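> Sequence plus predicted model, see below.
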Amino acid sequence: MLRPLSPGSQLHLEACLTTVAEAIEVLSKTCSSMGQIASSLATYSNSYVYKGKIRSLQDAASTTAGHAALLLGDVVAVCGRKASGSADGILGQAEKLQQDLVAIQGQLDSAIEQLQLGAAAQASCSESAPVNPQLTQQQKQLASTAALDNCLRSIGATYAALLGRSYKESAATAAQFLLDASAISKGWSEAAAAESSAAAGAVLGNAIGAGAVATKVLKLGDCAMKRLRNGDVYKGRYHGCRKNGDGSYFFTNGDVYEGDFKDDRMSGSGVYSFSPEGRYVGDWFNAAYEGHGSETFSRGSTYHGQYAGGLRTGWGVCRFYNGDYYEGYWGLGVRDGCGMQQCMDDSNFVGEYKKGKRHGYGVYSFPNGDQYLGEYVDDIPQGSGIYLFASGQKYQGNWDKGKKHGWSIYTVETGQQWAGSWVEGKPQWVHPLTQQDGQHEAQDAPAEVKDNLSSAFAACKNAQEAGKLALAKLTGHWDSAGEVQQNLTGALSGATQASARAQAARQRAQVLAARLDAAAMLVQSSRSAQMKLVTSQLNSVKLVSDGGSKRADSVDQQGNAIAG
């Protein structure tokens, strides 16, 4: 027993199709941009910032295509749950868009492969070569993710609305069924108490005896639709009086889980939809994210990777709602370990993180072409490091709380070097050097000057060592055969496989829930017919009773008249 597609639902499904069609158009343009990037990589100066933007572009495009496919899949599923013929027009459009999306996905895979080959062919950076020549305007335009990020936000909002509408309908079916069962039984009980005639009592007794009693469960084999004590509703399989196997769990706050259960816990594979923020798709253990999976939020942020104990732990990639992109290691839900973050303002950091902050050695590239290589503490430069200006100037020395502070060697555009001492970003003492090999200008300089120069050279050496360690983090991150990229590839592959398992489990749970809904509507229809029959019989009994009373009154009146 299926309901027809309502006008409101049709308008919403049409909005979903429009969103997907716009995403396909943007993806087509993105494939063209990727082709231009791949063909021009050999002619551009090597830039790790450009690599970061390209990687972010790949992630945005792949995620957009994947989310569009999921949205279309749900549109088709909704159409399949409606009465035959009522959703044929929407279904035809969705299937056509699915074909278009498959074609675009093929183009996208080919474009990404070209990009990977082009990036591998580029010469690696060396310490002597600039690692961050400023991006050209064309590079920025070709690798821009703004349009894709807008698509992700649109798909996220549309998908959340679609899920919310579908879940409300399913929850309403269960709520109405369980409510009607209770209301019918209560109504009949009250009627039985009010009616004193034997005929009425017999009618109600037969109806109640036929099974019209209050219930919180609809059973169908080893499956059941059940309202729990806390008000939540479960539709799925039971084994040993516990939720086991495929099932759908509807929380009173609007959240829904569809997937595998084990001993009353979400365990295995499944999809958890947060109302209305987003969803998690992947592996579960003991009611927590565990293994591999993906998170998607309606504002556009996404994560694909590893989990432990319900938190992002291990290797993974995250796209933030503002368009920033991070790939690397996570610990207890935050960036922790080696990673790379590419920001929308074209700044980039590659290096070490601790508890969500830059901490350790790393390379920060600024949008204007400046660069810092060295130590970080609590998200800011601290210790020893090198600052390379896009103009050619260079600071090698000590840092404190993000500012040049302490001894250093400063080089200007002409190559002239100065030893100096800085306080909170400003030079307090400077001394010119006459040779590039680090020797100070006079052997007979005052002792104080010699001590200062010695401190400056020592600070410069420490900064150079810190710079080497930071650069090693940078090059190590981008090494295609290195540990970082191999681990990221494995985590993303695991997340893709986990998502496929979770979607399959969700589909099984939805099929089962649809069967229970159909059974509930059938029972509800039967109850309605039975209630009408009982009401009709009660009215007949009442009419007969009223007629007998009237005849008795007439006889009494006639007797009184004769006696008078």
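Thanks, I have the structure now.

> Below-threshold pLDDT in this structure: ranges please.
For the chain, applying pLDDT under 70 flags the ranges 1-2, 42-46, 119-133, 178-215, 435-445, 527-564.

> Residue nearest the middle of it, spatially speaking?
Central residue of the chain (CA atoms, centre = their mean): residue 296, 1.1 Å from the mean position.

> Checking my notes, that one in a strand, right?
Yes: counting by DSSP: H, G, I helix; E, B strand; the rest coil, residue 296 falls inside a strand.

> Surely it and residue 157 touch.
No: the pair residue 296 / residue 157 is not scored as a contact, 11.4 Å apart, by CB atoms under 8 Å. (Each C-beta comes from the backbone N, C-alpha and C, glycine too.)

> Return every residue with contacts to both of the two.
Here residue 296 and residue 157 share no contacting residue, scored by CB atoms under 8 Å, 6 or more residues apart in numbering.

> residue ranges for the helices of this protein, please.
7-40, 48-80, 88-121, 137-142, 146-194, 198-209, 447-478, 483-563 (DSSP state H).

> residue contacts, the spatially closest residue to residue 402 that is not a sequence neighbour?
Residue nearest to residue 402 in three dimensions, not counting chain neighbours: residue 380, with 3.8 Å by CB to CB, 6 or more residues apart in numbering. Counting by CB under 8 Å, 6+ apart, residue 380 makes contact with 358, 401-402.

> give the contact list for residue 224.
217-218, 234-236, 238, 516.

> between the contacts of residue 380, which is closest to residue 424?
Nearest to residue 424, judged by CB to CB, of the contacts of residue 380 is residue 401 at 8.3 Å.

> re earlier: of the helices of the chain, which is nearest residue 411?
helix 447-478 (9.9 Å).

> quick one: buried residues of that closest one?
452-453, 455-457, 459-460, 462-464, 466-467, 469-471, 473-475, 477-478 (16 or more other CB atoms under 10 Å).

> ok so, going back, select only the buried ones of the contacts of residue 380 in PyMOL?
Burial among those is assessed by 16+ other CB under 10 Å; the matching PyMOL selection reads:
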select buried, resi 358+402
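
> Redo the contacts of residue 380 as JSON lines? Include distance to residue 7.
Output for these, formatted as JSON lines (distance: CB to CB, whole Å):
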{"residue": "358", "distance to residue 7": "53"}
{"residue": "401", "distance to residue 7": "62"}
{"residue": "402", "distance to residue 7": "59"}
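
> Sort out for me which of the contacts of residue 380 are in strands.
Those of the contacts of residue 380 mapping onto strands are residue 358, per DSSP state E.

> between the contacts of residue 380, which is closest to residue 117?
The closest of the contacts of residue 380, once distances to residue 117 are taken by CB to CB, is residue 358, at 31.5 Å.

> how far is stretch 488-499 from where the chain is centred?
Distance, stretch centre to chain centre, for stretch 488-499: 15 Å (CA atoms, centre = their mean, to the nearest Å).

> next one: stretch 233-252
With CA atoms, centre = their mean, you get 25 Å for stretch 233-252.

> what sits up against that stretch?
Contacts of stretch 233-252 (CB under 8 Å, 6+ apart): 167, 170-171, 174-175, 178, 222-228, 230-232, 256-266, 505, 508-510, 512-513, 516-517.

> what does stretch 82-97 give?
Contacts of stretch 82-97 (CB under 8 Å, 6+ apart): 2-5, 9-10, 13-14, 17, 20-21, 24, 72, 75-76, 78-80.

> Mark which of those are buried, thanks.
Using 16+ other CB under 10 Å, the buried ones in the contacts of stretch 82-97 are 5, 9-10, 13, 17, 20, 24, 72, 75-76, 78-79.

> now, the most widely separated pair of the residues you listed?
Top of the distance list for the buried ones among the contacts of stretch 82-97 (CB to CB): 5 and 24, 23.6 Å.

> For the closest residue to residue 391 other than its chain neighbours, give me the backbone phi and psi.
Setting aside the residues directly before and after it, residue 391 is nearest to residue 413 in space (CB to CB, 6+ apart), at 6.1 Å. Per-residue torsions, residue 413: phi -60, psi -30 (degrees, to the nearest 10).

> check contacts around residue 413.
391-393.

> Check residue 142 too.
Contacts of residue 142 by CB under 8 Å, 6+ apart are 33, 36-37.

> Residue 419 contacts residue 433, correct?
Yes: here residue 419 lies in contact with residue 433, judged by CB under 8 Å, at a distance of 6.0 Å.

> Settle it for me: which of the two has more neighbours?
Counted by other CB atoms under 10 Å, residue 419 and residue 433 do not tie: residue 419 has more neighbours, with 26 against 20.

> Can you name the residues bridging to that one?
residue 409, residue 431 (DSSP bridges).

> now do residue 234
residue 226, residue 249.

> How many residues are close by it?
Residue 234 has 23 nearby residues by other CB under 10 Å.

> Then residue 69?
Neighbours around residue 69, by other CB under 10 Å: 17.

> same thing with residue 414?
The burial count for residue 414: 8, using other CB under 10 Å.

> for it, what are its contacts?
Taking CB under 8 Å, 6+ apart as the definition, residue 414 has no contacts.

> any idea how far it lies from residue 472?
30 Å (CB to CB, to the nearest Å).

> swap in residue 6?
Distance from residue 6 to residue 472, counting by CB to CB: 61 Å.

> contacting residues for the closest residue in space to residue 167 that isn't next to it in sequence?
Leaving aside its sequence neighbours, residue 167 sits nearest to residue 256 (CB to CB, 6+ apart; 4.9 Å). Going by CB under 8 Å, 6+ apart, residue 256 touches 163, 167, 248-250, 272-273, 275.

> give me that answer again for 10 Å
For residue 256, the contacting residues are 163-164, 166-168, 170-171, 233, 248-250, 271-275, 279, 506, 509, 513, by CB atoms under 10 Å, 6 or more residues apart in numbering.

> Buried ones only from those residues, please, as a ChimeraX command.
Entered in ChimeraX, the line below selects the buried ones among the contacts of residue 256, by 16+ other CB under 10 Å:
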select :163,166,167,170,171,233,248,249,250,271,272,273,274,275,279,506,509,513
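
> what about the closest residue to residue 118 other than its chain neighbours, neighbour count?
Spatial nearest neighbour of residue 118, chain neighbours left out: residue 41 (3.8 Å); criterion: CB to CB, 6+ apart. Neighbours of residue 41 under the rule other CB under 10 Å: 20.

> Would you agree residue 41 is in contact with residue 35?
No: between residue 41 and residue 35 there is no contact under CB atoms under 10 Å: 11.2 Å.

> Between these two, which contacts overlap?
In contact with both residue 41 and residue 35: 114-115, using CB under 10 Å, 6+ apart.

> okay, now the closest residue to residue 139 other than its chain neighbours: neighbour count?
Distances taken as CB to CB, 6+ apart place residue 50 nearest to residue 139, at 5.8 Å, with adjacent residues excluded. By other CB under 10 Å, 26 other residues sit near residue 50.
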